[in-house]
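*Asks:* Have a look at this fold, sequence not included:
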């Protein structure tokens, strides 16, 4: 099961360190409005897919609140069918769908979960609700 903060599931982007810091910065700047994950990770962790309207706590390397996002879309597609529109929404600077696929395949290979064209990918779109600790103080953890 994934960690919870204030009853909300957490969203830990990438791996801790430089990558997570960069991805969180993109979210907090409003550039990154989507993320991709492996469907198999949900089964392994006993988690359900996110739901439209669900709020997630974006966490930093210490699993502390960095911001709150609200899910605006969830779709499961084979790796080879992830759209360029979705890939662009990830805001990571890829210049083509081929570049996005190569980068994501290399990432998942590095973390020990290689993908094929048929691997099911969870494509999550979201919007930033609040940034930093202010989300808790202002009640932005709720719907």
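*Replies:* Yep, that arrived. All figures in this text were calculated on a predicted structure; none of them were measured in a lab.
*Asks:* Now do the SS call for residue 114.
*Replies:* coil (DSSP: H, G, I helix; E, B strand; the rest coil).
*Asks:* Need the contact partners of the longest helix seen in the chain.
*Replies:* Once the chain is assigned using DSSP state H, the helix that runs over the most residues is helix 97-110. With CB atoms under 8 Å, 6 or more residues apart in numbering as the test, helix 97-110 has contacts from 14, 36, 38, 79-80, 82-84, 87, 90, 92, 94, 114-115. C-beta here means a position set from N, CA and C on the backbone, and glycine is covered the same way.
*Asks:* Please apply the same query to stretch 14-23.
*Replies:* 12-13, 32, 35, 60-61, 92, 107, 111.
*Asks:* That stretch: end-to-end distance?
*Replies:* 7 Å (CA to CA, to the nearest Å).
*Asks:* Give me the buried positions along it.
*Replies:* 14, 20, 23 (16 or more other CB atoms under 10 Å).
*Asks:* what is the mean pLDDT for it?
*Replies:* Stretch 14-23 carries an average pLDDT of 94.
*Asks:* Stretch 113-127 now?
*Replies:* 97.
*Asks:* Residue 88 is in what secondary structure piece?
*Replies:* helix 84-89 (DSSP states H and E).
*Asks:* give me every residue that touches the residue lying closest to residue 37 once chain neighbours are set aside.
*Replies:* Spatial nearest neighbour of residue 37, chain neighbours left out: residue 122 (4.6 Å); criterion: CB to CB, 6 or more residues apart in numbering. Residue 122 makes contact with 36-39, 42, 49-50, 74-76, according to CB under 8 Å, 6+ apart.
*Asks:* Give me the buried entries from those residues.
*Replies:* For the contacts of residue 122, buried by 16+ other CB under 10 Å: 36-38, 42, 50.
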